[in-house]
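A.B. asks: Coordinates for the following, if possible.
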Amino acid sequence: MLTCSKLISGGQGLAPTLVKRAPTVSLDWDVRQKSRFQVTDSTNRVLSVFLQRGHVVRGGDVLVAEDGSLVKVAAAPQTLLRISTCPQHGSPFDLTRAAYHLGNRHVPIELKPDHLKIEPDAVLADMLRSMHLMVNTVEEAFEPEGGAYGAKHGGSGHSHEHDHSHDHADEHPHVHGPHCKHDH
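C.D. replies: Below you'll find the model as predicted:
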């Protein structure tokens with residue numbers, strides 16, 4: 001049994017040929033969000049995966065085994081609900097409303113420009129249908145958003161280490177509320 005305790009996000013920095021030749025594991029979302037699990041790769045090697053707590057494994061990531069070998073991770077297809085707008089009388093705003101209501105219930109959601117995906121839930125499916133959305137059962141990979149403060153390596157696939165401060169009072173004036181205590 002091999003131990004894997006290192007994860008290379010998206011195989012970043014590795015030669016594409018090495019990644020292409022690497023054995024694979026196909027894992028559903030329930031397994032990929034765990035930091036400790038056991039799995040068998042495509043060459044029948046049993047791998048014990050021990051990652052730092054809080055890390056999420058995404059499709060395309062590469063695990064590094066203790067012997068230096070690489071294992072490419074694929075996001076396994078699983079049963080999901082695909083939510084889209086009604087073509088007759090829906091609008092893209094309907095998806096925004098659905099994402100708000102699902103997020104308010106802390107449901108993992110995969111966001112796409114023209115649809116959302118969630119794990120099956122009959123109550124949520126009924127709620128979404130009552131909002132005049134199309135809800136279909138599909139077998140697809142699931143890559144939900146990681147959240148702004150959630151697990152490491154989630155969501156957009158790139159880090160946000162650059163500065164996002166907005167201390168540009170001279171560049172674009174803004175209005176302060178009645179209880180604002182700072183001045184420029």
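
A.B. asks: Okay, buried residues for the host helix or strand of Arg129 please.
C.D. replies: Per DSSP states H and E: Arg129 is located in helix 122-130. By neighbour count with 16 or more other CB atoms under 10 Å, helix 122-130 contains the buried residues 124-125, 127-128. For every residue, glycine as well, the C-beta is placed using N, CA and C.

A.B. asks: And those, which two are furthest apart?
C.D. replies: Ala125 and Met127 (7.3 Å; CB to CB).

A.B. asks: For the protein, just list every one of the helices.
C.D. replies: 16-21, 29-32, 92-104, 122-130 (DSSP state H).

A.B. asks: which residues does Val135 contact?
C.D. replies: Counting by CB atoms under 8 Å, 6 or more residues apart in numbering, Val135 makes contact with 81-83, 125, 128-129.

A.B. asks: Please apply the same query to Thr24.
C.D. replies: By CB under 8 Å, 6+ apart, Thr24 lies in contact with 41-42, 71-74.

A.B. asks: In PyMOL, how would I select the buried members of these?
C.D. replies: For the buried members of these, the matching PyMOL selection, counting by 16+ other CB under 10 Å, is:
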select buried, resi 41+71+72+73
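
A.B. asks: So what touches the helix holding Arg129?
C.D. replies: 81, 83, 98, 101-102, 105, 107, 118, 135.

A.B. asks: about what we covered before: any idea which of the buried residues of helix 122-130 is the one closest to Val46?
C.D. replies: Out of the buried residues of helix 122-130, the member with the shortest distance to Val46 (by CB to CB) is Leu124, at 36.3 Å.

A.B. asks: do you know how far that closest one is from Ala141?
C.D. replies: 20 Å (CB to CB, to the nearest Å).

A.B. asks: re the thing from before, deepest-packed of the helices of the chain, please.
C.D. replies: helix 29-32 (a mean of 18; mean count of other CB atoms under 10 Å).
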